[in-house]
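1. Output the structure for:
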Amino acid sequence: MTEPTIQVPADPARGHTVSRYDQELAKLRGIILEMGEHVVEQIQAAVSALVSREESQAFRVLDREPQIDFLALDADEEVFRVIARRQPTAIDLRIVLALSKIAGDVERAGDKAARIARQTIELDALGRGEELLSARLREALGALDACACGMFEHSINGVARFDVRVALDVFEREPTLYEASHAVRALLGDEGQEGLSARQTVCVLTCAHALERIGNHAANVAEQVIYVAEGQDVRFRNREILIETLRHRML
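-> Numbering: from 1, shown residues only. Have a look, this model is predicted:
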């Protein structure tokens, strides 16, 4: 049986009669995409520092955090410029507002990467250079990282075209995210099971929660992608029904 052909919709952020307007929207989106690339790098570096006990890499994550903050300020400034110059309405206003919200979620995901780096540094200090994380705990954290970081990177790819299919893929990964997060918490749930002190356990749990929240930010970005592409605010819609409805519409 052959797979149904899915038509890729035209990018709603392009095709204005005023080419300058296209350039301004492209600049705003470009800033956000650059932020997203930096955040993905930060997440990967922070988790690598946690799992591999590379304290120096954790410090580098903190050193690079201001780059994302500065880009977030640039995005805010560009939003103000577009609104002031163009006074957008209808779909144009929807695009600008969505990009503004996306920028906020991307910046907060960057904050979560920095949080992981800070907990890694504290964990290293508490362990005094000793290996603290068991092999199964490192594996569980790696699985959670792969899911959260993959969701986030995928959501940023969705922003590049406001592609509904990509947004739905992000939603479909949410159950795996929560399962991976639960697996880490389960390992740490029984007191003393992993040989960690109470404070060390809190550090690891904080990192796991930060990764779960990164996945949540990815889902928030995906919601805004659908908002632009479909004109629907889907933030409080049942995920399963939403996925089924939009998948059916694309057949």
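
2. Buried residues of the helix or strand in which Glu65 is found, list them for me.
-> Using DSSP states H and E, Glu65 falls within helix 55-86. Under the neighbour-count criterion of 16 or more other C-beta atoms under 10 Å, helix 55-86 has 55, 57-58, 60-62, 64-65, 67-68, 71-72, 74-76, 78-79, 82, 86 buried. From N, CA and C alone the C-beta is placed, and that goes for glycine too.

3. and Phe171, how many neighbours does it have?
-> Look at Phe171: counted by other C-beta atoms under 10 Å, it has 21 neighbours.

4. which ones are touching it?
-> 219, 222, 239, 242-243 (C-beta atoms under 8 Å, 6 or more residues apart in numbering).

5. do you know how far Glu78 is from His38?
-> As judged by C-beta to C-beta, to the nearest Å, Glu78 and His38 stand 17 Å apart.

6. I'd like to know which elements the helix holding Glu65 is packed against.
-> Applying 3 or more C-beta pairs under 8 Å, 6 or more residues apart in numbering; DSSP states H and E, we find helix 55-86 packed against helix 19-52, helix 90-127.

7. got the angle between the last one and helix 19-52?
-> Using axes from the mean of the first three to the mean of the last three C-alpha atoms, to 10 degrees, the inter-axis angle of helix 90-127 relative to helix 19-52 is 20 degrees.

8. how big is the angle separating helix 90-127 from helix 55-86?
-> For helix 90-127 against helix 55-86, the angle by the same axes, to 10 degrees is 160 degrees.

9. which other helices and strands contact whichever helix or strand comes after helix 90-127?
-> The first helix or strand that comes after helix 90-127 along the chain, using DSSP H and E, is helix 135-161. Using 3+ C-beta pairs under 8 Å, 6+ apart, the elements in contact with helix 135-161 are helix 19-52, helix 90-127, helix 164-172, helix 174-189, helix 198-230.

10. Include distance to Ala148 and mean pLDDT when you put those helices into a markdown table, please.
-> Output for those, formatted as a markdown table (distance: least, C-beta to C-beta, whole Å; pLDDT from 0 to 100):
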| stretch | distance to Ala148 | mean pLDDT |
| --- | --- | --- |
| helix 19-52 | 7 | 93 |
| helix 90-127 | 9 | 94 |
| helix 164-172 | 11 | 96 |
| helix 174-189 | 6 | 95 |
| helix 198-230 | 4 | 95 |
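
11. can you list the ones you listed in TSV and add distance to Arg136?
-> Shown next, in TSV, are those (distance: least, C-beta to C-beta, whole Å):
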stretch	distance to Arg136
helix 19-52	12
helix 90-127	17
helix 164-172	27
helix 174-189	7
helix 198-230	13
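
12. ok so, going back, specify which member of the contacts of Phe171 is nearest to Ala90.
-> The closest of the contacts of Phe171 to Ala90 turns out to be Ala222 (C-beta to C-beta; 22.2 Å).

13. OK, contacts around that closest one?
-> Contacts of Ala222 by C-beta under 8 Å, 6+ apart are 155, 158, 166-168, 170-171.

14. Run through the residues that contact Ala218.
-> 109, 148, 151-152, 154-155, 170.

15. List only buried entries from those.
-> Buried, going by 16+ other C-beta under 10 Å: 109, 148, 151-152, 154-155, 170, out of those.

16. Which of those residues sits closest to Val184?
-> Ala148 (11.2 Å).

17. what about dumping the CA coordinates of stretch 227-238 to PDB?
-> Extracted in PDB, the C-alpha atoms of stretch 227-238 (Å, rounded to 0.1, in the frame of the first residue of the first chain):
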ATOM      1  CA  TYR A 227      -1.300  28.700  15.500                       C
ATOM      2  CA  VAL A 228       0.400  30.400  12.600                       C
ATOM      3  CA  ALA A 229      -0.200  27.700  10.000                       C
ATOM      4  CA  GLU A 230      -3.700  26.800  10.900                       C
ATOM      5  CA  GLY A 231      -5.000  29.900  12.700                       C
ATOM      6  CA  GLN A 232      -6.000  27.800  15.700                       C
ATOM      7  CA  ASP A 233      -4.900  28.300  19.300                       C
ATOM      8  CA  VAL A 234      -4.400  24.700  20.400                       C
ATOM      9  CA  ARG A 235      -2.700  25.300  23.700                       C
ATOM     10  CA  PHE A 236      -5.400  23.600  25.800                       C
ATOM     11  CA  ARG A 237      -6.600  21.100  23.300                       C
ATOM     12  CA  ASN A 238      -6.500  17.300  23.900                       C
END
